[in-house]
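**Student:** Compute the structure for the input listed below.
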Amino acid sequence: MASIIELKDINKIYGRRVKTQVLHNVNLAIEEGSFNSIIGASGSGKTTLLNIIGILDKPSNGQVFIEGNRTDKMSRRALASIRNKKIGFVFQFHYLLPEFNALENVLMPYTIKRFFHGRKTRQKAEDLLDLVGLSKVKKNKIYDLSGGQQQRVAIARALMNNPKIILADEPTGNLDSNSSEEIYKIFRDINKEFRTTFVVITHDERIANKTDRIIEIKDGVVSG
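**Tutor:** You can find the predicted model right below:
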């Protein structure tokens, strides 16, 4: 199966006067349609690795490919376009906008570039909320939703632009075990139905052990 993400000889060094190397010669290929977890101790480089995969950060050297296109040399505008069209992000802290309701938050990725949206777009957002089990609370403000419900809104938002890749950084870190299991099931359903590629950072061994592949990172060195 073809690789949708490929990292070649990636190094990441922070600092100018005092340098700290976070990633060391990382080579990694992620198959299209696969479900992957990244595990490792705090400070091992997990989030840095995910940010480079998601082109939120650039490597100090090495090459990053998304669908065969090299991204580490692209302009900021080109990178922003790829992130908006091809990659969905789900974080531990969901970064929803509390002044808007659930439906308006899901619509946000679409309205970033298009201020107005039509009936079909609104219907799609409603369908996504239904997919994550929130159709009954679509008009509720974010602060009226539970933590698990807020995370499901964030998942629906990440799907709004039909991304081929979902990157999640500790998406169940603030949730109880039942809510964590629900989030994992939603991810798996999306993975199977749409063949969306998932890369998920997790400290939860139960979640990691259910994924297709466990990528382990220790002191900036990747294995698995």
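**Student:** Can you tell me how far the closest residue to Lys124 other than its chain neighbours is from Phe65?
**Tutor:** Distance criterion CB to CB, 6 or more residues apart in numbering; nearest residue to Lys124, sequence neighbours excluded, is Met160 at 7.3 Å. Using the backbone N, CA and C atoms, a C-beta is placed for each residue, glycine as well. Taking CB to CB, to the nearest Å as the measure, Met160 and Phe65 are separated by 25 Å.
**Student:** who has more neighbours, the two?
**Tutor:** Neighbours per residue (other CB atoms under 10 Å) separate Met160 from Phe65, with Met160 holding more: 21 against 16.
**Student:** Return the helix or strand in the protein with minimum mean pLDDT.
**Tutor:** Least confident helix or strand, the chain: helix 102-111 with a mean of 85, by mean pLDDT, DSSP states H and E.
**Student:** helices or strands up against that one?
**Tutor:** Using 3 or more CB pairs under 8 Å, 6 or more residues apart in numbering; DSSP states H and E as the contact criterion, the neighbours of helix 102-111 among helices and strands are helix 119-131, helix 147-158.
**Student:** Assign the most centrally placed residue in the chain to helix, strand or coil.
**Tutor:** Among the residues of the chain, the smallest C-alpha distance to the mean C-alpha position (CA atoms, centre = their mean) belongs to Leu167, namely 1.9 Å. Three-state call for Leu167 (DSSP: H, G, I helix; E, B strand; the rest coil): strand.
**Student:** who touches the lengthiest helix in the chain?
**Tutor:** What stands out as the longest helix in the chain, according to DSSP state H, is helix 177-194. Helix 177-194 is touched from outside by 33, 35, 131-133, 146-148, 151-152, 155, 159, 162, 166, 168, 171-172, 175, 196-198, 200, 204, 206-207, 210, with contacts defined as CB atoms under 8 Å, 6 or more residues apart in numbering.
**Student:** Just the buried subset of those residues, please.
**Tutor:** Burial by neighbour count, 16 or more other CB atoms under 10 Å: within the contacts of helix 177-194 this picks out 33, 35, 131-132, 148, 151-152, 155, 159, 166, 168, 171-172, 175, 196-198, 200, 204, 207, 210.
**Student:** just to revisit the earlier point, can you list contacts of the least confident helix or strand of the chain?
**Tutor:** Residues outside helix 102-111 that contact it (CB under 8 Å, 6+ apart) are 84, 96-97, 100, 117, 121-122, 125-126, 128-129, 134, 137-140, 142, 145, 149, 153-154, 156-158, 160-161.
**Student:** Can you list the buried residues in it?
**Tutor:** In terms of neighbour count (16+ other CB under 10 Å), helix 102-111 has its buried residues at Ala102, Leu103, Glu104, Asn105, Val106, Leu107, Pro109, Tyr110.
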